[in-house]
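A.B. asks: Sharing a sequence plus its predicted fold:
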Amino acid sequence: MKYTDYEIALSAPRIEKYLQACKGDKNKTLILYRYNIKLCQKFYGVLSVFEVVLRNAIDAHFKAQLQDNDWLTTQVQNGFLVNYQETILKERNKLIVNKKYTHDKLVASLSLGIWTFMFSRNCYKNSGKQLLQIFPNKTHGLNQRDIYAELDKIRTFRNRIAHHEPLCFNSAGMITIVYAQNVFSLVVKYIDFLGYNTNELLYGVENPLHTMTKIEELSRAIYTFG
C-alpha cells in the first residue's frame, strides 16, 4: 500500500500527529504507528492480569470484612457503592436475564473504573478505611489519596488503549516512552504491593519493554539524525 492509501484507510488526521513527530518522514510515520499498535497489544495482557488480581483482592477483602459473599449487591443497594448503583445493577440484571448470575460473574463484569473508585476518599471512608490491607507490601506512608491517584493513572492509560489512542507522545507531540514507562512501573509496583512476584505472575505474558525500546531507538534516529 502507498502512504496515501494508509491516509484513506486510517484517516489523515489520525496519522498526522505521527507524521509531524517523524518530521514528515512517511516511512518512519508508518513504523511509529505500527509500534504504537504493538505497544497497546503488549500492554493489554499485562493490564488484564493486573486488573484481575486487583479486583480479586478487593473481592476477597470485602467478603471477609463484611461476612457477605454477595457484598456487591448489598453495598450497591444500601452501602458504600450507591454512587455506582445504576452501573452495577445493570450488569447484574443482564446476568440474571441470561440466567448466568453469580457473584463471581458480576465481579468479572465490572470495569477497572469501579474497582479504582473504591479507593476514592468517600468510598474508602464509607467502606471502613480498611481496603489498603489488600496491599501487604505497600510502601510505608503511602496513603489512600496516593494510591487512588496512582491507580487512576493506570485506569486512564488503560482507557487510552481501549480507545486506540497514541501512547508514544508527550504533550508537545514529541515521541517519548516516558508515559508508557511510568505506567508500566506503576503496574509492576502494585503487583508487588499485592504480594505477588511480578516475574512469576506475568510469566509467559508478553510485556511492552521490547516495543518501548524500539520506539526509543526510532525517536533517537529522528531527533538526532532526522
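C.D. replies: Thanks, I have it.
A.B. asks: so who does the residue most central in space within the chain touch?
C.D. replies: Central residue of the chain (C-alpha atoms, centre = their mean): residue 158, 3.2 Å from the mean position. Applying C-beta atoms under 8 Å, 6 or more residues apart in numbering to residue 158 gives the contacts 47, 51, 112. All C-beta atoms are positioned from the backbone trio N, CA, C, and that covers glycine.
A.B. asks: One more: residue 115?
C.D. replies: 51, 54-55, 58.
A.B. asks: please redo it, this time with the cut-off set to 10 Å
C.D. replies: 51, 54-59, 107, 151, 155 (C-beta atoms under 10 Å, 6 or more residues apart in numbering).
A.B. asks: Find the residue ranges of this structure scoring beneath the pLDDT cut-off.
C.D. replies: Within the chain, the segments meeting pLDDT under 70 span 225-226.
A.B. asks: Tell me where it has strands.
C.D. replies: With DSSP state E as the definition, the chain shows no strands.
A.B. asks: Now do the helices in it.
C.D. replies: For the chain, helices defined by DSSP state H occupy the ranges 3-10, 12-21, 26-66, 71-78, 85-97, 103-109, 112-117, 121-126, 144-162, 178-193, 198-201, 209-225.
A.B. asks: So which elements touch the fourth one?
C.D. replies: In terms of contact count using 3 or more C-beta pairs under 10 Å, 6 or more residues apart in numbering; DSSP states H and E, helix 71-78 is assigned the packing partners helix 26-66, helix 85-97, helix 103-109.
A.B. asks: want to throw the ones you listed into a markdown table with distance to residue 183 and mean neighbour count?
C.D. replies: Below are those laid out as a markdown table (distance: least, C-beta to C-beta, whole Å; neighbours: other C-beta atoms under 10 Å):
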| stretch | distance to residue 183 | mean neighbour count |
| --- | --- | --- |
| helix 26-66 | 8 | 18 |
| helix 85-97 | 24 | 15 |
| helix 103-109 | 23 | 16 |
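A.B. asks: looking at the ones you listed, which is closest to residue 171?
C.D. replies: Between residue 171 and the helices and strands packed on helix 71-78, the tightest spacing by C-beta to C-beta is seen for helix 26-66, at 16.5 Å.
A.B. asks: roughly how far is that closest one from the heart of the chain?
C.D. replies: Centroid separation between helix 26-66 and its chain, computed with C-alpha atoms, centre = their mean, to the nearest Å, is 5 Å.
A.B. asks: quick one: that helix to helix 178-193, angle?
C.D. replies: Counting by axes from the mean of the first three to the mean of the last three C-alpha atoms, to 10 degrees, helix 26-66 lies at 30 degrees to helix 178-193.
A.B. asks: Residue 104 versus residue 69, what's the distance?
C.D. replies: 10 Å (C-beta to C-beta, to the nearest Å).
A.B. asks: Check residue 168 too.
C.D. replies: To residue 104, residue 168 is 37 Å away according to C-beta to C-beta.
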